[in-house]
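In: coordinates only, sequence not included:
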Ligand code: ADP
């Protein structure tokens, strides 16, 4: 811009100087012309007086170079001429200046002289005898004077040009430098050029509009980041070619990425071929789903294409990932449970069916009939307890049992259950004792009962002959603990963490033999969880086991 201003300034200066010089030359020329005319007139008057007194002698004595003097008789005949032979010259009476002088005493004219082949100015004066004295000068002389000034004028022109070159360069910089210092963040505070006020005002208004738009965009982005940041799910927005546009914190945590991944290809974060295939499918406009494993947890990954308005083409893609480990595990458990249940029911059903068939065909001796009926009865009892346990555990799963909380006296409950099971214990034989004391605790009657019942029942089942069972209650700071200690077979260490799983048994055949379903301890575990009670096991193989349940003294806040 400085260069531009400088260029235009120089152009204007050069044009001004040239036109100034031309005007001066023209003025000088016209001034010289009138000066020359006046001078010529004065010279003519002066010479006329001299000729009047001295006649031809005066004219002959003249030694003149640039001026032409002509004396013309009253009839127009040329008497004397300083530049030509009068005899060769024609009658001059008709020359305008001569004619004018003859008529009015003075005459003037300017014209091209054929005699001298140049433009001449003439001044004529009538003498007392009627003759006319005429002096002529070439116009060239005026032009020569004017042209003679041209050289100094060119020098002056060049000097002026140099000076103005320097000045206009500085001025251009001075004009521009305030513009460079303009504070465009506060346009209205610049008062250097009032002419720029409307322009600056406009910038100010536009800046305000941009600021408002920026603010609302930032607010929208902040809201988006806050909302997506609080989502449990992982969310990634991609451009049509798979570049990450937005990624929320959960997704960054899952894929071990940080903010710098924005703008990069999503395959840079996750390279699994099934993911790439799903991504390609979505890029072609089809929704795709897959389940991926991240550090042992399963994530359902949904990839949906986002089409352009009124077009099938994909503008971008949305990836939503959510943890389905629990759902998947529950589904797996359900399948395992179903297959375990069918397996558990198959054995007694086969036994019953086999016995019944033999009885039906009469292939059983009379004295053995009782034995077969007893086997059938035993298997039916087993099935009944199995079905009861299955129903109970599925009720627990569904939460469809009565879940109302009561104050429960655990000691009373333990004594009652011990009394119920004592006949069975005596068959082993095994003794049961209930000791200790504790205040009543909040609980759900059926759940507390099933915990104590299953633990004492197991202590009988897995005890040794003449073994002992000690049920003890103790009050702790926040809990009341109920422990069931037996002197039974104990549980191998490697099985201790698994015995609470559904249908898990240390010794399957022994458990079945003694009427176990493999569900007792999983009912205990589930019930303890619902009561927010803590369950512990200590056991030594061959020495016995102690199951301890710590019930809370105060009802948990749901
Ligand atoms: P079951 O109906 O087979 O008894 P449980 O779920 O009650 O099923 O117990 C699971 C397994 O844990 C049992 O099969 C048994 O092997 C073991 N177990 C449970 N209680 C005891 C105990 N008091 N002493 C030794 N082993 C036990």
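Out: Great, that's in hand. It should be emphasised that the depicted structure is a prediction, and the values quoted were computed from it without experimental measurement.

In: helices and strands of the protein: which one has the lowest mean pLDDT?
Out: Lowest on mean pLDDT, DSSP states H and E among the helices and strands of the chain sits helix 140-148, with a mean of 67.

In: once you drop chain neighbours, what's closest to residue 105?
Out: Sequence neighbours aside, residue 126 is the residue nearest to residue 105 in space, at 4.9 Å (criterion: CB to CB, 6 or more residues apart in numbering). Glycine gets a C-beta too; all of them are placed from N, C-alpha and C.

In: beta partners of the one you found?
Out: Beta-bridge pairing of residue 126, defined through DSSP bridges, involves residue 132.

In: mind telling me which residue of the stretch 51-200 of the chain is nearest the ligand?
Out: Ranking the residues of the stretch 51-200 of the chain by distance to the ligand (CB to the nearest ligand atom) places residue 185 first, at 76.0 Å.

In: quick check, that residue in a strand?
Out: No: assigned with DSSP: H, G, I helix; E, B strand; the rest coil, residue 185 falls outside any strand and is coil.

In: tally of neighbours for the residue nearest to residue 105?
Out: Counted with other CB atoms under 10 Å, the neighbours of residue 126 add up to 21.

In: where's the residue of the stretch 51-200 of the chain closest to the ligand relative to residue 215, distance?
Out: Separation of residue 185 from residue 215 (CB to CB, to the nearest Å): 16 Å.

In: do residue 380 as well
Out: Counting by CB to CB, the gap between residue 380 and residue 215 amounts to 78 Å.

In: residue 185 and residue 215: which is more packed in?
Out: Neighbours per residue, other CB under 10 Å: of residue 185 and residue 215, the larger number sits with residue 215, 10 against 7.

In: distance of that one from the ligand?
Out: Spatial separation of residue 215 from the ligand under the definition CB to the nearest ligand atom, to the nearest Å is 64 Å.

In: what helix or strand does that residue sit in?
Out: Residue 215 belongs to helix 197-230 when elements are defined using DSSP states H and E.

In: check which residues of that helix are buried.
Out: Of the residues in helix 197-230, those buried by neighbour count under the rule 16 or more other CB atoms under 10 Å are 200, 203, 228.

In: and these as TSV, adding pLDDT?
Out: As requested, those are arranged in TSV below (pLDDT from 0 to 100):
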residue	pLDDT
200	84
203	88
228	87
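
In: can you give me the pLDDT of the residue of the stretch 51-200 of the chain closest to the ligand?
Out: Among the per-residue scores, residue 185 holds a pLDDT of 80.

In: if I pick it, what's in contact with it?
Out: When contacts are counted by CB atoms under 8 Å, 6 or more residues apart in numbering, residue 185 touches residue 207.

In: same thing with residue 272?
Out: Residue 272 is in contact with residue 292, counting by CB under 8 Å, 6+ apart.

In: for the one 10 residues further on, same thing?
Out: With CB under 8 Å, 6+ apart as the criterion, the residues that contact residue 282 are 288, 303, 304, 305, 314, 317.

In: residue numbers of the protein in contact with the ligand?
Out: By the criterion of CB under 6 Å from any ligand atom, the positions of the chain lying close to the ligand are 454, 458-459, 461-462, 486, 488-491, 499, 504-507, 511, 516-522, 545.

In: out of the residues you listed, which are buried?
Out: Taking 16+ other CB under 10 Å as the criterion, what is buried in those is 454, 458-459, 461-462, 486, 488-491, 499, 504-506, 511, 516-522, 545.

In: quick one: the helices in the stretch 451-558 of the chain?
Out: Taking DSSP state H, counting those that start in this stretch as the test, the helices found in the stretch 451-558 of the chain are 493-496, 508-513, 520-530.

In: the residue of the stretch 101-250 of the chain found nearest the ligand: how many residues sit nearby?
Out: Among residues of the stretch 101-250 of the chain, the one nearest the ligand by CB to the nearest ligand atom turns out to be residue 232. It sits 34.4 Å away. One way to gauge burial is a neighbour count; for residue 232, by other CB under 10 Å, it gives 7.

In: quick one: contacts for the residue nearest to residue 105?
Out: In this structure, residue 126 makes contact with 101, 102, 105, 106, 132, judged by CB under 8 Å, 6+ apart.

In: save these as CSV, and put in neighbour count and secondary structure too.
Out: Formatted as CSV, these follow (neighbours: other CB atoms under 10 Å; DSSP: H, G, I helix; E, B strand; the rest coil):
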residue, neighbour count, secondary structure
101, 26, helix
102, 19, helix
105, 12, coil
106, 17, strand
132, 30, strand
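
In: any chance of these in a markdown table, plus distance to residue 78 and pLDDT?
Out: Written out in a markdown table, the entries for the contacts of residue 126 read as follows (distance: CB to CB, whole Å; pLDDT from 0 to 100):
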| residue | distance to residue 78 | pLDDT |
| --- | --- | --- |
| 101 | 14 | 92 |
| 102 | 14 | 91 |
| 105 | 20 | 91 |
| 106 | 19 | 92 |
| 132 | 10 | 93 |
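
In: return the member of the residues you listed nearest to residue 263.
Out: residue 106 (100.1 Å; CB to CB).

In: tell me what the helix ranked longest in the chain is packed against?
Out: For the chain, the longest helix by residue count, based on DSSP state H, is helix 2-54. With contacts defined as 3 or more CB pairs under 8 Å, 6 or more residues apart in numbering; DSSP states H and E, the secondary structure elements packing on helix 2-54 are helix 56-61, strand 67-72, strand 106-113, strand 118-126, strand 132-138, helix 140-148, helix 150-180.

In: could you pull up the mean pLDDT of the last one?
Out: What it means is helix 150-180. Here the average pLDDT along helix 150-180 is 84.

In: by contact count, what packs against that helix?
Out: Helix 150-180 is packed against helix 2-54, with contacts defined by 3+ CB pairs under 8 Å, 6+ apart.
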